[in-house]
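Novice: attaching a predicted model along with its sequence, questions to come.
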Amino acid sequence: MARIPLMAGNWKMNLDHLEATALAQRLYWALRDANFDYSKVEVALIPPFTDLRSVQTVTDADNMAIVYGAQDVSVHAAGAYTGEISAHMLAKLGCSFVVVGHSERRQYHGETDQEVGEKAKAALGAGITPIICVGEALAIRKAGEHVAYTLAQIDGVYAELGPTLAPATTVAYEPVWAIGTGEVATPADAQEVCGAIRGRLAALFGRETAEGIRILYGGSVKASNVASIMAEADVDGALVGGASLDPAEFSKICRFAELIA
Ligand code: PEP
């Protein structure tokens, strides 16, 4: 089954709404100047909540084929949850994606696999694709337990979803030691875990479902390393942090196919 690659730029807590508008436009122009074919690669922006309305306005106004999403979502539908943002609110703003279980949320906000699964379920209930983040810290990799650890996260999250919802999800394998550090996993490292994740999804939900789920790699992806990572069989795109704040660099990442020569 052909999976269209997804390049998603996670802006984290960067850029106010004016800067967000400018970056979306500059990326759009860079891709337009390169005659970018959006039918071959899906491009998503993942800005902070406060930028979403501006990103919606600029992408609508210029009829951009760039889609967007949020960095987190509440498990709750509505009510007395001060500071939370519901999936319905994100859907109303035109979000296609929401990142759930990013390692920074797991680390700083204590999010568990169960909560990440509940967030993914809330997103799916509003018609939004969750990008479910998993991945191991350095000590776990050094102990050689990175595959087992990551698959346990997959088990925990997907226990909340089940076979009906699983096909509509996306996974991002992000080894924590490679996020924002400049340390990038080798293509073989990325394939080892992404392949194991697909194998586990096949065991849980069947081969056909597993073949349809996109599995992204994330961790210091740049134009200089994206092509070799994307050449791996089970890597279907990238979740890009720092490099997505530079429109020229991110446009090159989206055009990774040109770098495979
Ligand atoms: C991320 O934030 O998900 C990420 C992968 O960051 P970076 O590309 O900066 O390592």
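Specialist: Thanks, I have it. Being a predicted model, the structure only gives us computed values, none of them experimental.
Novice: poorly predicted segments of this structure, please.
Specialist: Flagging of the chain using pLDDT under 70 yields the residue ranges 1, 260-261.
Novice: please enumerate the strands of it.
Specialist: Residue ranges of the strands in the chain, as given by DSSP state E, are 6-10, 42-46, 67-70, 97-100, 129-134, 170-173, 214-218, 237-240.
Novice: the fourth one pairs with which strands?
Specialist: Same thing as strand 97-100. Paired neighbours of strand 97-100 in the sheet (DSSP bridges): strand 67-70 (parallel), strand 129-134 (parallel).
Novice: please see if that strand touches the ligand.
Specialist: No - Strand 97-100 does not reach the ligand (C-beta under 6 Å from any ligand atom); its nearest approach is 7.7 Å. Yep, even glycine has a C-beta here, placed from its N, CA and C like the rest.
Novice: who touches that strand?
Specialist: When contacts are defined by C-beta atoms under 8 Å, 6 or more residues apart in numbering, strand 97-100 is touched by residues 8, 10, 44, 46, 67-73, 87, 90, 116, 119-120, 123, 128-133, 170, 172, 239.
Novice: ok so, going back, the strands of the chain: which one's closest to Ala231?
Specialist: Closest of the strands of the chain to Ala231 is strand 214-218, at 11.4 Å (criterion: C-beta to C-beta).
Novice: just the buried residues of that closest one, please?
Specialist: By neighbour count, with 16 or more other C-beta atoms under 10 Å as the criterion, the buried positions of strand 214-218 are 214-218.
Novice: ok, Pro5 - contacts?
Specialist: For Pro5, the set of contacting residues under the criterion of C-beta under 8 Å, 6+ apart consists of 40-42, 214, 230, 236-237, 256.
Novice: now for those residues, which pair is the farthest apart?
Specialist: Farthest pair in those (C-beta to C-beta) is Arg214 and Phe256. Separation: 14.8 Å.
Novice: could you pull out the helices for the stretch 1-150 of the chain?
Specialist: Counting by DSSP state H, counting those that start in this stretch, the stretch 1-150 of the chain has these helices, from start to end: 17-33, 52-61, 87-92, 103-109, 113-125, 138-142, 146-158.
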